[in-house]
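K.L.:
requesting a structural model of the entry that follows:
(chains A and B)
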Amino acid sequence: MALASLIKKEHIKVPMSARTKTEAVNELLEVLKENGCFADLQTVKTAVFEREALSSTGLGDGVAVPHAKTDAVSAPALAIGISKEGIDFQSHDGEPAYVVFLMIAPKSQPGQHIEALAEIAKMMQAPIVMKMLKKADTAQDVIDVLAE
Amino acid sequence: MKLISRILVYIDDSDTAVAAIQTAVLLAKKFDAALYGLYVINTKALSDLVKARIFVESEREEYARELEADAERYLRLARKLAAAKKIDIMAEKIQGTPHREIREFAETNKIDLLVVGVDNSRMKSLREEAAGDKEVAIRRVPCDVLCVKNEERAELCFDTEE
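P.N.:
Below is the predicted model of the structure:
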């Protein structure tokens, strides 16, 4: 269960209203909670911000990949957010994030979690994909960019 | 010439991995074929994630330990399922890039059938950039490939096979 099976239209938020890292994480966690990915929002939130405390997941080039593993979820879940104004994710290049992938995974199945994140990392190396994602206006646009 | 004499089942922690093992065991018994099991600890992905700044070093180390334990757990399961059908399985774990290791193992051991568990939704067309290691392996191995999708059917066949 890696990236392709995790991309769901109802887990995509375009445009995001968040302007800060905290707001962005909360906004995407709400999307996952509303779609039944977990019940215990506080536990998941704590896990994500504990990971952020180690080092910002604002990766530069307009992308952020906040993530965490917690047994509050029983299966991996991915939310994708597109911001038009940009979000201060404390990225190393100082640039705001326009594309946010929020990944939550259970502590079991570490291989699937790693594979999904690695596939996101691989996608980030395709500038055209990231450029098109930033331009997406709807959830369907995001799906269309990711699908051939 | 036998149609199938050497089978490799790719083992990971996906939902369909057990179905793949069960199917491979039954095929090995049916065709009197040698059965190999391979779990690849994806150290390439771990390195890529650190390089991309998605992981910090402590996360890489933590996940590497978890993947080692996961590999051992799944290899034990593969041996147990094979033993239940009185089949020998040469199951091992190695480190590297899964699709490369699968291909190299298949070539080195003259595998003529690769069995992998796949999630139906993963087979939908996505950009090449998002292709996972199993999809790449399926495309690149020189042998035939059996994709096991139906977990319930695999379990039923395994449980009812005499």
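K.L.:
pLDDT below threshold where in chain B?
P.N.:
In the predicted model, chain B carries pLDDT under 70 at residues B:120-131, B:162.
K.L.:
90 - rerun?
P.N.:
Applying pLDDT under 90 to chain B flags residues B:1-4, B:13-16, B:118-154, B:157, B:160-162.
K.L.:
near chain B, which residues of chain A are found?
P.N.:
Proximity of chain A to chain B (CB under 8 Å from any CB of the partner chain) is limited to residues A:1-5, A:7, A:51, A:54-55, A:57, A:59-60, A:65, A:67, A:92, A:107-115, A:117-126, A:129, A:146-148. Placement of C-beta: from N, CA and C, glycine included.
K.L.:
the least confident helix or strand in chain A by mean pLDDT - contacts with which helices or strands?
P.N.:
Among the helical and strand segments of chain A, the one scoring lowest on mean pLDDT, DSSP states H and E is helix A:3-6, with a mean of 81. Counting contacts by 3 or more CB pairs under 8 Å, 6 or more residues apart in numbering or on different chains; DSSP states H and E, helix A:3-6 is packed against strand A:77-87, helix A:110-124.
K.L.:
between the last one and strand A:77-87, how big is the angle?
P.N.:
I take that to be helix A:110-124. Going by axes from the mean of the first three to the mean of the last three CA atoms, to 10 degrees, helix A:110-124 is angled at 30 degrees with respect to strand A:77-87.
K.L.:
which other helices and strands contact helix A:110-124?
P.N.:
Packed against helix A:110-124 by the contact rule (3+ CB pairs under 8 Å, 6+ apart) you find helix A:3-6, strand A:67-69, strand A:97-105, helix A:127-135, strand B:34-42, helix B:43-51, helix B:57-84.
K.L.:
go again using 7 Å as the cut-off
P.N.:
Contact partners of helix A:110-124 among helices and strands, from 3 or more CB pairs under 7 Å, 6 or more residues apart in numbering or on different chains; DSSP states H and E: helix A:3-6, strand A:97-105, strand B:34-42, helix B:43-51, helix B:57-84.
K.L.:
by mean pLDDT, show me the worst of the helices and strands packed on helix A:3-6.
P.N.:
When those are ranked by mean pLDDT, helix A:110-124 comes last with a mean of 88.
K.L.:
just the angle for it relative to strand B:34-42, thanks.
P.N.:
Using the same axes, to 10 degrees: helix A:110-124 against strand B:34-42 is 60 degrees.
K.L.:
send over stretch A:132-147 as PDB, restricted to the C-alpha atoms.
P.N.:
C-alpha atoms of stretch A:132-147 as PDB (Å, rounded to 0.1, in the frame of the first residue of the first chain):
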ATOM      1  CA  MET A 132       1.800  21.500 -12.400                       C
ATOM      2  CA  LEU A 133       0.700  20.600  -8.800                       C
ATOM      3  CA  LYS A 134       1.300  24.200  -7.700                       C
ATOM      4  CA  LYS A 135      -1.000  25.400 -10.500                       C
ATOM      5  CA  ALA A 136      -3.800  22.900  -9.600                       C
ATOM      6  CA  ASP A 137      -7.100  24.600  -8.900                       C
ATOM      7  CA  THR A 138      -9.100  21.600  -7.900                       C
ATOM      8  CA  ALA A 139      -8.700  18.100  -6.300                       C
ATOM      9  CA  GLN A 140      -9.300  16.600  -9.800                       C
ATOM     10  CA  ASP A 141      -6.500  18.700 -11.200                       C
ATOM     11  CA  VAL A 142      -4.100  17.200  -8.600                       C
ATOM     12  CA  ILE A 143      -5.300  13.700  -9.600                       C
ATOM     13  CA  ASP A 144      -4.900  14.500 -13.300                       C
ATOM     14  CA  VAL A 145      -1.300  15.700 -12.700                       C
ATOM     15  CA  LEU A 146      -0.400  12.600 -10.800                       C
ATOM     16  CA  ALA A 147      -2.100  10.300 -13.300                       C
END
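K.L.:
now do it: distance to the chain's middle.
P.N.:
Chain-centre distance of stretch A:132-147: 14 Å, with CA atoms, centre = their mean, to the nearest Å.
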